[in-house]
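1. just a sequence and a predicted model for now, questions to come.
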Amino acid sequence: MKEIQTAEKRRKKESRNKLIVGLILIALMVFSTVGYALYYRSDEEQETEKYNGLSFVKNGFWQTNIYENKFSFSFHPKETENVEVNINKRLSDYANKPLYFVNNNAGLQEIARNLEKFVLRMQMACYESCEEELPIKNCTDNLIIFEESVKVEISEKDNCVFIKAPDSEIVRVSDAFVYRLLGIR
């Protein structure tokens, strides 16, 4: 059976509960502020490396500013130096034009993150023939074709770029491609 409480006892209990909740909220705010202060890293504390006159800051991704735009990469340019990039394309070749991709993978995401603000639009497509419900494109369109391969290779034919690599290397090879487009390497 529940004890009958006086109005005074109920007020004291409510007051005590409000005080406890208030103290918990204050402690939470103080600890979150302290945690932020301890884990926040200023630019001076972040890993920074120079490459071809550009500063790359490691902030989850390797980031640099070019053409007053921020670019983000999973790999530093030094880590892509052994990837041979046999193309003459530059960023201007894609500016304000549609860009099509064949075969969705992590490399596509790497390229799209860096080129999305320059191209007219991006979408999946098929190269010359298709079993899917996608537009069929050829090398008269800006087309990037990903192919899984043991050999790492980036080549071009007209407006097609062929990025061939093992699945485990596709992001690094895609970074090498974007570095080449930007004239970094």
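-> Structure's in. What do you need? Here the structure is a predicted model, which is why all the values come from computation and not from measurement.

2. got the contact list for the helix or strand hosting Gln109?
-> Using DSSP states H and E, Gln109 falls within helix 106-115. With Cβ atoms under 8 Å, 6 or more residues apart in numbering as the contact definition, helix 106-115 has outside contacts at 71-74, 91, 94, 99, 101, 122, 144, 146, 163, 165, 170-171, 173-175, 177-178, 181. Every residue, glycine included, has its C-beta placed from N, CA and C.

3. just the buried positions in that helix, please.
-> By neighbour count on 16 or more other Cβ atoms under 10 Å, the buried set for helix 106-115 is Gly107, Leu108, Glu110, Ile111, Arg113, Asn114, Leu115.

4. likewise stretch 175-185?
-> So, applying 16+ other Cβ under 10 Å, buried residues of stretch 175-185: Asp175, Ala176, Phe177, Val178, Tyr179, Arg180, Leu181, Leu182, Ile184.

5. same check on stretch 83-98?
-> Buried residues in stretch 83-98 (16+ other Cβ under 10 Å): Val83, Val85, Ile87, Lys89, Leu91, Tyr94, Pro98.

6. tell me the one of those nearest Gln63?
-> Leu91 (16.9 Å; Cβ to Cβ).

7. and the longest helix for the protein?
-> helix 7-39 (DSSP state H).
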